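Participant: Pasting a predicted model and its sequence here:
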Amino acid sequence: MLRRRYVASLLVAGLCFAGLNAQQQFVLLATILDPEKNTPADNLTPADVHVTEDGADAKVVKVDTVVRTVKVQLLIDNGVGIGQNLSEVRNGVRALLQALPPEVETTVVTTSPQPRFLVKPTKNREELLKGVDRLTLDSATGRFTESLIEATERANKEKDTFTVFIAAGTTSGDGQIRDAQTKQLFQQVAGKPMLIDVLMYQGERSATGGDIQVDLGQQVTKMTGGRYEFINNMSRWATLLPEFGADVAKQAIGSAKQFRITAQRPDGKSGKLGKLGISAGARAVTSVRLE
């Protein structure tokens, strides 16, 4: 979330809901940071927050604190697109796990021939690293889209959780993905407490698909504020993955603690919501969405 530009007083971009019907009250979920400490605000009252609709003042009814546990799901393509680069894959995954913040629950899934748990959810760093030694290559193609669908579905079943997904895929596979599957994925991602990072490698074996993974990876990272990287050299796999792991600490800032803001629409406003704005004095509003 920290990749989004800080706006100290007003956040308007991305808050135009002209096609959305609303009641007289609406609810926003916002990340609001102390810009000096770069940490979530200690607490907020309705008097601390200013919300507008089409420039007119909305009455802030209440502000609730939402606290979530940050978790990580790592999805690794171990299929034909990787070629014979098992050493680079293991080195990259191992370095990523070592770069993660301590005590973050992590799940590791391989995506070929279908999504399968390599390491089930655990905070035990030793167990995670042992899982890397069990990682092997498969002769099928990786299931990039299917693995994301299953992973986001798992995350949405959990309460009070913010999930960071790191999907390391290749352009080999996903040729049979239907529109219904991509629609399902987008529904499971849009507006949910999650962030998706994607590292996409130009597969070493040609296969149908490719464009699907690239397009989908770009869309879900944009939807969630994540990071997308495309590489054609396997040596970059081993150096970029630990960067993704180190990013989790930054991404967790503001994700573990957010504020749910209930506001009354301005007098005379009805029907579809207009353009919304939010400010919190000197504090930085770094992300906001309509609940």
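Facilitator: On my side now, so go ahead.
Participant: Can you check which strand is longest in the chain?
Facilitator: Using DSSP state E to assign secondary structure, the strand with the most residues in the chain is strand 56-67.
Participant: domains for this protein, by residue range?
Facilitator: Each structural domain of the chain that the record assigns through automatic domain parsing is listed here as a residue range: 25-65+257-290, 69-252.
Participant: Can you give me the end-to-end span of the last one?
Facilitator: In this case it means domain 69-252. According to C-alpha to C-alpha, to the nearest Å, domain 69-252 extends 9 Å from its N-terminal end residue to its C-terminal end residue.
Participant: Name the strands paired with the longest strand of the chain and say parallel or antiparallel.
Facilitator: Taking DSSP bridges as the criterion, strand 56-67 forms sheet pairs with strand 50-53 (antiparallel), strand 257-264 (antiparallel).
Participant: Dead centre of the chain: give me the residue that sits there.
Facilitator: Compute the mean C-alpha point of the chain, and by C-alpha atoms, centre = their mean the closest residue is Leu195, 0.7 Å away.
Participant: I'd say that one and Ser255 touch.
Facilitator: Yes - the criterion here is C-beta atoms under 8 Å, and Leu195 meets it with Ser255 at 7.2 Å. Yep, even glycine has a C-beta here, placed from its N, CA and C like the rest.
Participant: any chance you could map the helices in the stretch 151-291 of the chain?
Facilitator: Assigned by DSSP state H, counting those that start in this stretch, the helices in the stretch 151-291 of the chain fall at 179-189, 211-224, 234-252.
Participant: Throw these into CSV and include distance to Arg94, mean pLDDT and mean neighbour count, thanks.
Facilitator: Below are the helices of the stretch 151-291 of the chain laid out as CSV (distance: least, C-beta to C-beta, whole Å; pLDDT from 0 to 100; neighbours: other C-beta atoms under 10 Å):
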stretch, distance to Arg94, mean pLDDT, mean neighbour count
helix 179-189, 28, 94, 15
helix 211-224, 23, 92, 19
helix 234-252, 9, 90, 19
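Participant: and of the ones you listed, who's closest to Ala41?
Facilitator: Between Ala41 and those, the shortest separation by C-beta to C-beta is 15.8 Å, and it involves helix 234-252.
Participant: neighbouring contacts of the closest one?
Facilitator: With contact meaning C-beta atoms under 8 Å, 6 or more residues apart in numbering, helix 234-252 is reached by 1-2, 70, 72, 82-83, 85, 88-89, 91-93, 95-101, 104, 162, 164, 166, 168, 195, 197, 199, 201, 227, 229, 231.
Participant: just stretch 214-231 next, same as before
Facilitator: In this structure, residues lying in contact with stretch 214-231 by C-beta under 8 Å, 6+ apart are 1, 3-4, 144-145, 148, 165, 167, 169, 171, 174, 177, 182, 185-186, 189-190, 194-202, 237, 240, 244, 247, 287.
Participant: circling back to that earlier point, next one: the residue nearest to the centre of the chain from Met223, what distance?
Facilitator: With distances defined as C-beta to C-beta, to the nearest Å, the gap from Leu195 to Met223 amounts to 10 Å.
Participant: now swap in Gly169 and tell me
Facilitator: If you measure Gly169 against Met223 using C-beta to C-beta, the figure is 17 Å.
Participant: And the closest residue to Asp64 other than its chain neighbours, how far from Pro242?
Facilitator: If you skip the residues right next to it in sequence, Asp64 has Arg260 as its closest partner in space, 4.4 Å away by C-beta to C-beta, 6 or more residues apart in numbering. Using C-beta to C-beta, we find Arg260 at a distance of 34 Å from Pro242.
Participant: cool, Pro101 as well?
Facilitator: When distances are taken as C-beta to C-beta, Pro101 and Pro242 turn out to be 13 Å apart.
Participant: And for Leu28?
Facilitator: To Pro242, Leu28 is 35 Å away according to C-beta to C-beta.
Participant: if we can go back for a sec, just the buried members of the contacts of helix 234-252?
Facilitator: Buried subset of the contacts of helix 234-252 (neighbour count, 16 or more other C-beta atoms under 10 Å): 1-2, 70, 72, 82-83, 85, 88-89, 91-93, 95-97, 99-100, 104, 162, 164, 166, 168, 195, 197, 199, 201, 227, 229.
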